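[1] Here is the input, now give the coordinates:
(one chain, ligands or ions: 1)
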Amino acid sequence: MGRGKLYDSILETIGDTPCIRINTLSPDHVTLYVKAEAFNPAASVKDRLAVSIIEEAERSGELKPGQTVVEATSGNTGIGLAMVCAAKGYPLVITMAESFSIERRRLMRFLGAKVVLTPKGEKAVGMYRKAVELAEANGWFLARQFETEANARIHENTTAREILADFDGGRLDYWVSGYGTGGTVSGVSRVLKKERPETRIILSEPDNAQLIGSGEAQKRDGDGSPASGHPAWQPHPIQGWTPDFVPLVLQEAIDGNYYDELIPVSGAAGIKWSRELAQKEGIFTGVSGGATFAVAMQIAERAEAGSVILCMLPDTGERYLSSPLFEGIAEDMSDEEVALSKSTPGYQMG
Ligand code: PMP
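    Numbering: from 1, shown residues only. This is a model prediction of the structure:
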């Protein structure tokens, strides 16, 4: 059938990601779906934000033709921005803490961006301040994913609308998400609160970095950026989730009581469920997707019969080849694979 249209640019393929039923892992008394953001062209939810920031800044005149774009990012925003900037012809500089996975840096560079690493001891606040410094020194456009209105707005206008359309006329009892900037939860919740008030919004964060759960307020500068790191933060393995401060974009969801329940989850559970999704469902997602799914499974266990649950999966597992997600996934043949090799006469390794 084809897609019924020809595309003028890669940017037109962003969004409209599928909600996919879980068939093996889900308890029988509920129906569990995942919204697979890996279907975006640069394979994460952040493609939405990237095109939104750039196109809103083009419209407002804040971003001039050929001007350099700069941003602090743990990876997916940088990869999304690199894709968008390549398609539109803007130079891009990314600042990123050295602790994030190697393939993220290389992907950004492959897409034509420059990546400036910052010391991991200075955490997310350090990479953010470096981006501000570079923007001020060079007159570059700072994307400001943690503060910009363009972040939650794109989820309000696309992610949320897709969910409404896909579940139109059917039940949707729970929607489950984590947060990085908070764009997904703030934007989608704005719409669900109004249009699907019966849907319970479940938010998650790492069990060893419970910034929201601690109840401790974030100190901010005048522009909404963090004045200091949050005291409840500790390093955690769920890349893309919970930076060491509460972003302004997320603050809206906290102040507006957008979520019905906050459930902490461990990095180990994220890794476990990412692997389960891959091996039992054929659905490939990263650690944050696994962590969100771990929470969705908890909800599923205790939900009433007939409940329908939707779980966000923010990116692809392919982004984690050098990370703990792939630890123990061997390069060499196992004993079982060697035995298979020897079980027929030809083409054996020496
Ligand atoms: N998971 C991953 C892997 C991400 O890169 C992000 C975005 N930083 C998120 C989850 C959270 O999305 P949001 O920024 O919209 O809260």
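
[2] of all the residues in the stretch 151-300 of the chain, which ones are close to the ligand?
    For the stretch 151-300 of the chain, the contact set with the ligand under Cβ under 6 Å from any ligand atom comprises 178-184, 239-241, 286, 288. Placement of C-beta: from N, CA and C, glycine included.

[3] Contact partners for the closest residue to residue 37 other than its chain neighbours?
    Spatial nearest neighbour of residue 37, excluding adjacent residues (Cβ to Cβ, 6 or more residues apart in numbering): residue 45 at 3.9 Å. With contact set as Cβ atoms under 8 Å, 6 or more residues apart in numbering, residue 45 has these partners: 37, 76, 159, 184, 312, 314-315.

[4] any chance of these in CSV, plus secondary structure and neighbour count?
    Below are those laid out as CSV (DSSP: H, G, I helix; E, B strand; the rest coil; neighbours: other Cβ atoms under 10 Å):
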residue, secondary structure, neighbour count
37, helix, 26
76, helix, 30
159, helix, 25
184, helix, 30
312, strand, 26
314, coil, 28
315, strand, 28
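
[5] Let me have the residues you listed in CSV, extended by pLDDT.
    Compiled in CSV, the contacts of residue 45 are given as follows (pLDDT from 0 to 100):
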residue, pLDDT
37, 98
76, 94
159, 98
184, 98
312, 99
314, 98
315, 98
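
[6] Which one of these is nearest to residue 102?
    residue 76 (14.6 Å; Cβ to Cβ).

[7] distance of the closest residue to residue 90 other than its chain neighbours from residue 18?
    In space, and not counting its chain neighbours, residue 90 is closest to residue 69: 5.1 Å by Cβ to Cβ, 6+ apart. Note on residue 69: its distance to residue 18, by Cβ to Cβ, to the nearest Å, is 30 Å.

[8] The two - which one has more neighbours?
    Using other Cβ atoms under 10 Å, the more surrounded residue of residue 69 and residue 18 is residue 69, with 25 against 12.

[9] Help me confirm that the more buried one comes into contact with residue 92.
    Yes: because the distance of 5.0 Å satisfies Cβ atoms under 8 Å, residue 69 is recorded as touching residue 92.

[10] Next, show the common contact partners of those two.
    Common neighbours of residue 69 and residue 92 (criterion: Cβ under 8 Å, 6+ apart): 81, 85.

[11] show me what contacts the residue of the stretch 1-150 of the chain at minimum distance from the ligand?
    Nearest to the ligand, among the residues of the stretch 1-150 of the chain, is residue 76, at 3.4 Å (Cβ to the nearest ligand atom). Contacts for residue 76 (Cβ under 8 Å, 6+ apart) come out as 44-46, 104, 240, 314-315, 319.

[12] let's see 7 Å
    44, 46, 240, 315 (Cβ atoms under 7 Å, 6 or more residues apart in numbering).

[13] Please name the nearest non-neighbouring residue to the spatially most central residue of the chain.
    Nearest residue to the geometric centre of the chain (Cα atoms, centre = their mean): residue 314, 3.9 Å. In space, and not counting its chain neighbours, residue 314 is closest to residue 45: 4.4 Å by Cβ to Cβ, 6+ apart.

[14] do the same with residue 17
    Excluding its sequence neighbours, the residue lying closest to residue 17 (Cβ to Cβ, 6+ apart) is residue 39, at 4.4 Å.

[15] per-domain residue ranges of this protein.
    Domains of the chain are assigned by automatic domain parsing as 10-39+160-326, 46-142.

[16] Relative to residue 349, tell me which of those domains wins on proximity.
    Closest among these, using Cβ to Cβ: domain 10-39+160-326, at 22.6 Å.

[17] mind checking how far that closest one is from the chain centre?
    Relative to the chain's own centre, domain 10-39+160-326 is displaced by 8 Å; criterion: Cα atoms, centre = their mean, to the nearest Å.

[18] Residue numbering should commence at 137 henceforth.
    Okay, using 137 as the starting number, the last item reads as domain 146-175+296-462.

[19] quick one: terminal-to-terminal distance for that domain?
    Using Cα to Cα, to the nearest Å, the end-to-end distance of domain 146-175+296-462 comes to 30 Å.

[20] repeat for stretch 237-251
    13 Å.

[21] Give the buried residues for it.
    For stretch 237-251, burial by neighbour count (16 or more other Cβ atoms under 10 Å) applies to 237, 239-241, 243-244, 247, 249, 251.

[22] For burial, what's the neighbour tally of the residue of the stretch 337-486 of the chain found nearest the ligand?
    Taking Cβ to the nearest ligand atom, the ligand has its nearest neighbour within the stretch 337-486 of the chain at residue 376, 2.4 Å off. Per other Cβ under 10 Å, the neighbour tally for residue 376 reads 27.
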